[in-house]
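S.K.: Sequence first, then the predicted structure:
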Amino acid sequence: MSDSEEQKLSPARMAMLALRRLSHCQLVNGAICYTVHAGTGRIDNRSYNMVRMAGVAYSLCWGASYFSAVDPQFEQFAEKAVGFLLLSCKLQEPDFFVGDFSFEHGPGQSAKLGATALLVLALTLAPFRSRYEQELKRLVKSLLSAQTPQGALRGDFRKPGLSNQRYFSGEALLALARYGEVTSDPDIFLSVDHAFNFYRDYFRFDPHPGFFLWHIDCWTRMAHCPAIAAARRHEYSTFALELGSILLEQQQRSLRHVGGDGGISFSAQPGISTSLYMEALVRIAGMLARRSEHEHALSFSSAAGAGFEFIAKLQVRDSCGARFHTSPHVLGGFRSHPNSMKIRMDNDQHAITSCLALLEENVLAPNSAVKGGVKPVHVQFW
């Protein structure tokens, strides 16, 4: 592979291009355009999703935190996105959580836990956690209020019963775990621990792909939590490995699809969801590396490297050809799958955070095709 080809595969470069696209898609109120057609550049904000918007804010804040020395403007874009979500929270007073919203109908009645959890993840990152310290504390209090005596989390702050647990439970638990990491609050860790048995059983009953990224990220972190007994932490890591082994199997099957090498899929065709699973594999590899289980870590880091090379093919760049629109709303965006022209804001979110996880964990094998891209960012990525 040539130096120019390797540079194109740099995780830092890929994340920066996607962050720039999102910044061009930011509206005056701070929201990010929902979908863009890669062939025409047409923007569509119908059926807007606030959970995905909060996830984008998380990626913007993480990107701003990581790349501030390269492009200080990223922090401004992240601030605007956070401001949009915090205004939603203020509209809920005396409660404090992200409410529903659509461009067709305005604010809605539902109060999804996932959107609030993703905003917590965004604000937990520096420099935002000091800038929004009081708002962050209120949001975390809201998350904790959603926990039931059995340890489960209610999906809607306004509804008493449990709803679908496939996505938001992991988002909320990861948000609490990361908040615990920066505050060292033992009560936060105990709350996450209280949820563990319920969600391990829930996944074994309903093994849905929505579990993988968020729960793996949460439990690999909790596996190194000094506030929790070693035997319990071993249970966390065992469960994370249980989830990760399923991802490895799905990647092997996806190799049978033409053009799908490295993709990870639970459906007919691998696509951008590979980035979620890749990020999860990176977290497991990092956990194993911290335990000096390097040979075991290699199976996960190698799979993550192959996943990275697959999602690189989904990014629209100047060199991709005439069938893609050349507007800044398109360039740097990630298509849903190899045959798709749809770019959705959360496609970019997950590609960005998976790249940043690669940079953070630094677990790729030395002979990986993306070697040189898993170091703290410096100008050599460009």
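M.R.: Sure thing, it's come through. Numbering: from 1, shown residues only.

S.K.: what's the nearest residue to Glu279 if we skip its chain neighbours?
M.R.: Take Glu279 and drop its neighbours on the chain: the residue closest to it by C-beta to C-beta, 6 or more residues apart in numbering is Ser354, 4.0 Å away. The C-beta positions use only the backbone N, C-alpha and C, and glycine is treated the same way.

S.K.: what number of residues lie near the one you found?
M.R.: Neighbour count of Ser354, defined by other C-beta atoms under 10 Å: 28.

S.K.: Let's see the pLDDT reported for it.
M.R.: What the model reports for Ser354 is a pLDDT of 97.

S.K.: contacting residues around it?
M.R.: Contacts for Ser354 (C-beta atoms under 8 Å, 6 or more residues apart in numbering) come out as Ser275, Leu276, Met278, Glu279, Val282, Gly307, Phe308, Ile311.

S.K.: what does Thr274 give?
M.R.: Thr274 neighbours (C-beta under 8 Å, 6+ apart): Gly262, Gly263, Ile264, Ser265, Gly307, Phe310, Ile311.

S.K.: what stretches of the stretch 201-350 of the chain score poorly on pLDDT?
M.R.: Residue ranges of the stretch 201-350 of the chain with pLDDT under 70: 252-259.

S.K.: returning to that earlier point: which of the contacts of Thr274 sit farthest apart?
M.R.: Spatial extent of those (C-beta to C-beta) is set by the pair Ser265 and Ile311 at 12.1 Å.

S.K.: Among these two, which residue is more densely surrounded?
M.R.: Neighbours around Ser265 and Ile311, counted as other C-beta under 10 Å, are more numerous at Ile311. The numbers are 26 against 20.

S.K.: Just the CA trace of stretch 345-362, in PDB.
M.R.: Output of stretch 345-362 as PDB, limited to C-alpha atoms (Å, rounded to 0.1, in the frame of the first residue of the first chain):
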ATOM      1  CA  MET A 345     -26.200  12.400  10.400                       C
ATOM      2  CA  ASP A 346     -25.700   9.400  12.700                       C
ATOM      3  CA  ASN A 347     -23.800   7.600   9.900                       C
ATOM      4  CA  ASP A 348     -21.100  10.200  10.400                       C
ATOM      5  CA  GLN A 349     -21.500  10.100  14.200                       C
ATOM      6  CA  HIS A 350     -20.700   6.400  14.500                       C
ATOM      7  CA  ALA A 351     -17.900   6.600  11.900                       C
ATOM      8  CA  ILE A 352     -16.300   9.500  13.900                       C
ATOM      9  CA  THR A 353     -16.600   7.800  17.300                       C
ATOM     10  CA  SER A 354     -15.200   4.500  16.000                       C
ATOM     11  CA  CYS A 355     -12.200   6.300  14.500                       C
ATOM     12  CA  LEU A 356     -11.700   8.200  17.800                       C
ATOM     13  CA  ALA A 357     -11.900   4.900  19.700                       C
ATOM     14  CA  LEU A 358      -9.200   3.500  17.500                       C
ATOM     15  CA  LEU A 359      -7.000   6.500  18.200                       C
ATOM     16  CA  GLU A 360      -7.700   6.300  21.900                       C
ATOM     17  CA  GLU A 361      -7.100   2.600  22.400                       C
ATOM     18  CA  ASN A 362      -4.100   2.300  20.000                       C
END
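
S.K.: What are the buried residues along it?
M.R.: The neighbour-count check on stretch 345-362 (16 or more other C-beta atoms under 10 Å) flags 345-361 as buried.

S.K.: Now, the residues you listed that are in strands?
M.R.: Using DSSP state E, no member of the buried residues of stretch 345-362 sits in strands.

S.K.: Now intersect those residues with the helices, please.
M.R.: 345-361 (DSSP state H).

S.K.: Quickly note the distance from the residue nearest to Glu279 to Leu331.
M.R.: Between Ser354 and Leu331 the computed distance is 19 Å (C-beta to C-beta, to the nearest Å).
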